[in-house]
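Participant: my questions concern the predicted model and sequence given below.
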Amino acid sequence: MSGRGTPSLGALRERVELKQTAQAIDDAGGHTDSFTSLGMVWAEVKTASGTLDLSGDARNSKISHAIILRFRNDLKPGDRVIYRDEELEVISAQDLNGRAAYLKVLCTQLKIVG
């Protein structure tokens, strides 16, 4: 990233798919989540951190990602980003530099590893 808070030229070179969540009420009074594709976009994807959690008999791997893409206002927490066939959950989406040019999306990926 350059010093002005924007990605360097050519930094958005990964293809990701954005999916928006929608909740539908079921017959039992609960809800089910479904995801609608918002399309494929160019992005810069960086792995921020990773942890291994031992919970009961299961081991969970949690990986955090920071994704930069062109600004849009239709992503919110709970939506999904598909990156290299992996599903990442959106934790937050915020204007990168206050100019509505780029969006910084923080995501987490949770996997049961054993």
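Facilitator: Thanks, I have the structure now.
Participant: list the buried ones in stretch 72-92?
Facilitator: Of all the residues in stretch 72-92, those buried under the rule 16 or more other CB atoms under 10 Å are 75, 79-83, 88-90. The C-beta positions use only the backbone N, C-alpha and C, and glycine is treated the same way.
Participant: what's the model's confidence in that stretch, averaged?
Facilitator: What stretch 72-92 shows for mean pLDDT is 95.
Participant: about what we covered before: pick the one among the buried residues of stretch 72-92 closest to residue 107.
Facilitator: Distances from residue 107 to the buried residues of stretch 72-92, taken as CB to CB, are shortest for residue 88 (3.7 Å).
Participant: so that closest one sits right up against residue 110, yeah?
Facilitator: No. Counting by CB atoms under 8 Å, residue 88 does not reach residue 110; the two are 9.5 Å apart.
Participant: how about CSV for the buried residues of stretch 72-92, with secondary structure added?
Facilitator: Shown next, in CSV, are these (DSSP: H, G, I helix; E, B strand; the rest coil):
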residue, secondary structure
75, coil
79, coil
80, strand
81, strand
82, strand
83, strand
88, strand
89, strand
90, strand
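Participant: counting contacts, what elements does whichever strand or helix holds residue 109 pack onto?
Facilitator: Assessed by DSSP states H and E, residue 109 sits inside strand 102-112. Helices and strands touching strand 102-112, by 3 or more CB pairs under 8 Å, 6 or more residues apart in numbering; DSSP states H and E, are strand 58-70, strand 86-95.
Participant: what's in contact with it?
Facilitator: Applying CB atoms under 8 Å, 6 or more residues apart in numbering, the external contacts of strand 102-112 come out as 6-7, 48, 58-72, 75, 81, 86-96.
Participant: could you check the angle strand 86-95 makes with that strand?
Facilitator: Between strand 102-112 and strand 86-95, the angle comes out at 150 degrees (axes from the mean of the first three to the mean of the last three CA atoms, to 10 degrees).
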